[in-house]
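> Pasting a predicted model and its sequence here:
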Amino acid sequence: MNPEIRELAELFRETARTHTKVELSYDATGVRWLDGYIDRNRAVLKENPKFQEGAGCFFGECIRETFGGKWVQHPDYGWGVKNDRGSYVFPFNKVMKHVSNEDGDSILGLFDVMNGLPAIEQVERSKKSKSIEQAKKPWWKFF
């Protein structure tokens, strides 16, 4: 893990504690607060890349602490959290989308479905299994 990410997440928590008197934890409660904060302050936050960077670090640490995984740098998408099932989540990208878009890009929505994300390997195995089953059917059977 990049140690700077954890340091920036801690700095984000300290800033929130100082300016909003909120004690953030790396869990669903912290994500819920951040989600609401973004919704209430979107206009100002769009012009604040430092906030987005800190929020991305904090959000990623919430994911890592709650669901496990480690920070890795993906060659195409940058820093993300990869879990032990092989799924990636890109917290910086999600925070930027949530700040930019009013509808449909909630960080809380992503956090809430994290346990249901399949591993890439599982999806590929499922596709392969279906194609093998289809190959075993006689050509004249349509169902």
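Arrived safely.

> list the contacts for residue 94?
56, 59, 105, 107, 110 (CB atoms under 8 Å, 6 or more residues apart in numbering). C-betas here are computed from N, CA, C, even on glycine.

> Let me have these in TSV, adding distance to residue 74 as columns.
Output for the contacts of residue 94, formatted as TSV (distance: CB to CB, whole Å):
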residue	distance to residue 74
56	14
59	16
105	19
107	19
110	17
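
> Considering these, which member attains the minimum pLDDT?
Among these, residue 105 carries the weakest pLDDT, at 87.

> out of the contacts of residue 94, who has the most neighbours?
residue 59 (29 neighbours; other CB atoms under 10 Å).

> In space, what's closest to residue 114 - neighbours in sequence excluded?
residue 67 (5.1 Å; CB to CB, 6 or more residues apart in numbering).

> these two touch, right, that neighbour and residue 83?
Yes. With contact defined as CB atoms under 8 Å, residue 67 and residue 83 form a contacting pair (6.0 Å).

> What does the residue nearest to residue 114 show for phi and psi?
phi -110, psi -10 (degrees, to the nearest 10).

> Roughly how far does residue 41 sit from residue 70?
31 Å (CB to CB, to the nearest Å).

> oh, I was asking about residue 55
Counting by CB to CB, the gap from residue 55 to residue 70 is 20 Å.

> Show me the contacts of residue 94 that map onto helices.
56, 59, 107, 110 (DSSP state H).

> In contact with the last one, which residues?
Residues near residue 110 by CB under 8 Å, 6+ apart: 89, 94.

> Would you quantify the distance from it to residue 3?
Relative to residue 3, and taking CB to CB, residue 110 is found at 25 Å.

> follow-up on the earlier one: so for residue 55 and residue 70, which residue has more residues nearby?
Higher neighbour count among residue 55 and residue 70: residue 55, with 27 against 11, using other CB under 10 Å.

> Am I right that the more buried one is in contact with residue 33?
No. Contact criterion CB under 8 Å: residue 55 and residue 33 do not qualify, at 10.9 Å.

> How many residues are close by the residue nearest to residue 59 when sequence neighbours are not counted?
Leaving aside its chain neighbours, residue 59 sits nearest to residue 91 (4.2 Å; criterion: CB to CB, 6+ apart). Residues near residue 91, counting by other CB under 10 Å, number 26.
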